[in-house]
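**Student:** Curious how this folds, go ahead:
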Amino acid sequence: MYVAVKGGDKAIDAAHAQLACKRRGNLKYSELTVSQIQEQLPYAVDRVMTEGSLYDPQLAALAIKQAGGDIIEAIFLLRAFRTTLPRFSSSKPLDAQAMKVERRISAAFKDVPGGQVLGPTFDYTHRLLDFNLLDESDDEQAAFFNNTDDALKEESQEGYQQEESLNYPQVLGIMANEGMIETHHSDQEIPEVDITQQPVNFPADRSTRLQALARGDEGFLLALGYSTQRGYGRTHPFVGEIRIGQVSLSIEPEELGFSIDIGEITVTESEIINQFKGSKTVKPKFTRGYGLSFGHNERKAMSMALVDRALRGNEFDEDFGSPAQDEEFVLSHVDNVEAVGFVSHLKLPHYVDFQSELELIRKIRKEHEDQPQVDSEVDTKNTTESLV
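**Tutor:** From the prediction side, this is the model:
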């Protein structure tokens with residue numbers, strides 16, 4: 001590590017102290033608490049939980065505070081802590097059909113059973129800075145929330161707000177009943193591969209790919225998903241459904257022999273629809289791309305669904321050649337914690353390696369300088385005469 005740098009351990013301790021001062025900031029301002037981060041930066045907390053592979057809002061908020069707002073560093077911290085935890089059970093598959101919906105939309109159908117539920121979203125904001133937030137008093141906040149609660153109660157009385165217990169059937173399930181889209185059977189045997197305990201081998205099955213994409217960097221997935229829409233892949237997707245809400249998490253302990261609910265978690269589920277022209281043996285139908293993430297994280301879930309569908313090209317004999325369709329390229333580079341390790345290691349001392357390359361370049365330059373110089377004018381004259 002950096003012990004080779006002049007100053008050694010004392011220099012490292014001083015760097016840690018400076019980092020702590022940088023994180024704390026000016027002491028005239030109150031310290032930012034973990035609870036404040038958890039409650040007021042929910043989207044950052046949700047991203048850290050998703051890519052850190054650990055559902056714990058408090059620990060995700062703590063990681064954000066410790067990292068001074070560096071999201072990838074916070075993900076690294078949470079991922080590292082996760083490796084110290086014992087594993088005592090595997091959860092059962094989530095039942096998204098029974099989700100307590102906060103937000104549920106479909107861009108493919110105007111009218112869907114249960115209706116469109118906009119929920120909390122930036123989609124309809126004007127993206128203008130709200131300068132009122134620079135000096136927002138507690139009284140103003142309380143008045144705003146009271147008025148908001150009253151408005152929601154009125155909507156509920158008028159029938160606009162859906163009841164929490166209402167069953168929202170999955171949109172693509174309706175299409176599957178008509179045979180218009182590929183179906184997935186829950187009773188199919190899927191190999192249990194845990195990429196946190198076993199290395200990814202190629203070719204990988206879809207379950208393994210989805211695990212890697214779920215832990216993958218949002219920005220990387222967003223770029224790949226965007227590339228498929230710009231022609232680097234055979235996708236012209238429609239958003240079949242995005243749903244955000246709470247689902248029950250259950251496990252089945254071996255000593256009990258039956259499943260028990262251990263709580264609820266908030267998740268975002270995204271399914272996209274893509275055309276498939278069919279083949280000699282398969283009728284034309286629509287195909288799916290799937291994405292799932294912790295918390296309110298629909299940009300990540302949508303990007304994941306786009307890349308999932310692109311990686312399924314071999315199933316449908318589609319032309320290959322785009323980055324998003326290259327399984328090994330995507331899965332080998334999607335993990336931001338691994339990427340940070342490879343990039344950040346360049347900061348470590350490489351004195352010996354660099355000195356050897358420096359000496360090599362000096363030797364090559366000297367050999368180049370020692371070569372006899374040819375007069376360009378004479379050479380040009382001789383060339384011209386030979387051509388004549």
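**Student:** which of the residues in stretch 343-350 are buried?
**Tutor:** Residues of stretch 343-350 classed as buried by neighbour count (16 or more other Cβ atoms under 10 Å): none. Any C-beta I mention is one placed from the backbone N, CA and C, and that applies to glycine too.
**Student:** what's the span of it, first residue to last?
**Tutor:** The first residue of stretch 343-350 is 14 Å away from its last residue (Cα to Cα, to the nearest Å).
**Student:** Spatially nearest residue to the residue positioned nearest the centre of the chain, not counting backbone neighbours?
**Tutor:** Computing the C-alpha centroid of the chain and ranking residues by Cα atoms, centre = their mean puts Glu218 first, at 3.1 Å. Spatial nearest neighbour of Glu218, chain neighbours left out: Lys300 (4.5 Å); criterion: Cβ to Cβ, 6 or more residues apart in numbering.
**Student:** Neighbouring strands - and their directions - for the longest strand along the chain?
**Tutor:** Using DSSP state E to define each element, the chain has its longest strand at strand 260-276. Paired with strand 260-276 in the same sheet, following DSSP bridges, are strand 238-251 (antiparallel), strand 285-294 (antiparallel).
**Student:** could I get those as CSV with mean pLDDT, mean neighbour count and distance to Lys10?
**Tutor:** Below are these laid out as CSV (pLDDT from 0 to 100; neighbours: other Cβ atoms under 10 Å; distance: least, Cβ to Cβ, whole Å):
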stretch, mean pLDDT, mean neighbour count, distance to Lys10
strand 238-251, 95, 20, 48
strand 285-294, 94, 22, 41
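**Student:** closest to Gln325 out of those?
**Tutor:** Of all the strands paired with strand 260-276, strand 285-294 sits nearest to Gln325, with 12.4 Å by Cβ to Cβ.
**Student:** contacts for the following helix or strand past that closest one?
**Tutor:** Next helix or strand after strand 285-294 toward the C-terminus (DSSP states H and E): helix 298-310. For helix 298-310, the external contacting residues (Cβ atoms under 8 Å, 6 or more residues apart in numbering) are 47, 50, 103, 206, 209-210, 213-214, 216, 218, 221-222, 224-225, 228-229, 233-235, 237, 239, 242, 244, 268-272, 274, 287-293, 322, 324-325, 330.
**Student:** go on, stretch 116-128?
**Tutor:** Contacts for stretch 116-128 (Cβ under 8 Å, 6+ apart): 101-106, 162, 168, 244, 296.
**Student:** Just name the closest of the residues you listed to Ser90, please.
**Tutor:** Nearest to Ser90 among these is Ile244, at 24.3 Å by Cβ to Cβ.
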